[in-house]
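In: any chance you can model this:
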Amino acid sequence: MSTLRDSLGSTDAGGPADAADLTTLARVAGRVRANIEKVIEGKPDVVFATLVVLLAEGHLLIEDVPGVGKTQLSKALARSIDCSVRRIQFTPDLLPSDVTGVSVFNQNTREFEFRPGGVFANIVVGDEINRASPKTQSALLECMEERQVTVDNATYQLDTPFMVIATQNPIEMEGTYALPEAQRDRFMARVSVGYPPAAAELAMLASHTRTNPLDDLEPVTDAAELRKLIAIVGSVHVSDAVQRYAVALVSATRHHPELTLGASPRATLHLVRAAKASAALQGRDYVLPDDLSALIPPVLAHRLTPTVEAAMNGRSTQAILLSIMGSVPVPEA
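Out: Modelled structure (predicted):
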């Protein structure tokens, strides 16, 4: 590891993650993964992506049709960690103050008191986020990017770790509001659970019809240990060549003729941070170009807007991203 890392040139300010750190991370992440897979069976890639976003200090958007386990996945992750968890059920009548909190006048003390909203937790589960109005959705913008909430000119810091896991149904249009670009850009990754394999669905019939496996889940780690794992991920090395590759990939989306909106610089940061988490989960203290390539669809696809011509021709953002990946030279280690 050290030889490859040194040959690529060091760019990290802090010391690299050592073998003991990576062993600890693998052990704890393995416990969390096993816990989630008691509820979500036959979806190892989705569970892995969820852990990547968690360890990279990002936010996750789970987008899929009803009944495939979007909410189950988010609740399974939340119950696997001994930390504060709040669920917000997004509805058309939900107010921004329900999300961020509100100042209430106390008759006894004759002063205003701040009552925290649903975002004041380590893990916030936002169910059916696109059912709330754009005004309520915008209440999440500050907390997702800056880890703070401002109410009545007073700013309140959110505890770390802080992660928003939101679900939405991309098919149903009645009573829903599309997420604005600023909101989508704050989600590090978007994943789809998809339908389970036949064997996993049969296993689900055997285990889920008697009891709910969520009821039996116990926390396997806590917020303090999670903060240590996040620090380990932060020390994973990213070479100059890999950083240039990440910038080239994201820059290519901004000039592609089939896209009216490319990925932002925030997307570049999210891509590299997610790649560091992915490398650490695979036992490496350095990032390879393959780590970036594997994460490009979940990290970039939801941020892009295809042109009208591309949409009419049936060109999806996934297909456009594949063509971009084929056009950008991969650095040699």
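
In: where's P66, which helix or strand?
Out: P66 is located outside every helix and strand, with elements delineated by DSSP states H and E.

In: now do V299
Out: Here V299 is covered by helix 289-300, with elements defined by DSSP H and E.

In: do V104 as well
Out: strand 101-106.

In: could you pull out the strands for the protein?
Out: Taking DSSP state E as the criterion, the chain contains strands spanning 60-63, 81-82, 85-89, 101-106, 111-116, 123-127, 148-151, 154-157, 163-168, 189-191, 221-222, 259-261, 305-306.

In: among the ones you listed, which comes closest to I36?
Out: Closest approach to I36 among the strands of the chain is made by strand 81-82 (10.7 Å; CB to CB). Just so you know, the C-beta spots here come from the backbone N, C-alpha and C atoms, and that holds for glycine as well.

In: so what does the closest one touch, helix or strand wise?
Out: Contacts defined by 3 or more CB pairs under 8 Å, 6 or more residues apart in numbering; DSSP states H and E place strand 81-82 against strand 221-222, helix 223-234.

In: with mean neighbour count, mean pLDDT and distance to A26 added, can I get those in a markdown table?
Out: Rendered in a markdown table, the data for these read as follows (neighbours: other CB atoms under 10 Å; pLDDT from 0 to 100; distance: least, CB to CB, whole Å):
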| stretch | mean neighbour count | mean pLDDT | distance to A26 |
| --- | --- | --- | --- |
| strand 221-222 | 16 | 94 | 13 |
| helix 223-234 | 18 | 95 | 10 |
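
In: let me know which of those is the nearest to L158.
Out: helix 223-234 (12.2 Å).

In: how far does the closest one sit from its chain's centre?
Out: The gap between the average C-alpha position of helix 223-234 and the chain average comes to 16 Å, counting by CA atoms, centre = their mean, to the nearest Å.

In: what's the answer for stretch 71-83, then?
Out: Between the centre of stretch 71-83 and the centre of its host chain there is 14 Å, according to CA atoms, centre = their mean.

In: related to what we said a few turns ago, which one of the strands of the chain lies nearest to V272?
Out: Of the strands of the chain, nearest to V272 by CB to CB is strand 189-191, at 13.0 Å.

In: for that closest one, which strands pair with it and how are they oriented?
Out: Strand 189-191 has these partner strands in its sheet, going by DSSP bridges: strand 60-63 (parallel).

In: give me the contacts around the partner strand.
Out: When contacts are taken as CB atoms under 8 Å, 6 or more residues apart in numbering, the neighbours of strand 60-63 outside the stretch itself are 49-50, 53-54, 70, 73-74, 129, 163-170, 184, 187-193, 302.

In: can you show me the CA trace of stretch 249-263 as CSV?
Out: This file holds the C-alpha atoms of stretch 249-263, laid out as CSV (Å, rounded to 0.1, in the frame of the first residue of the first chain):
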residue,chain,number,x,y,z
LEU,A,249,-15.1,13.5,-14.9
VAL,A,250,-17.3,16.2,-13.3
SER,A,251,-16.1,18.9,-15.7
ALA,A,252,-17.1,16.7,-18.7
THR,A,253,-20.7,16.8,-17.5
ARG,A,254,-20.8,20.6,-17.7
HIS,A,255,-19.9,20.6,-21.4
HIS,A,256,-21.7,17.6,-22.7
PRO,A,257,-24.1,18.4,-25.5
GLU,A,258,-26.9,16.2,-24.1
LEU,A,259,-26.9,17.9,-20.7
THR,A,260,-28.4,21.3,-19.9
LEU,A,261,-27.1,21.2,-16.3
GLY,A,262,-23.9,19.5,-15.3
ALA,A,263,-22.5,18.5,-11.9
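
In: fine by me, thanks again.
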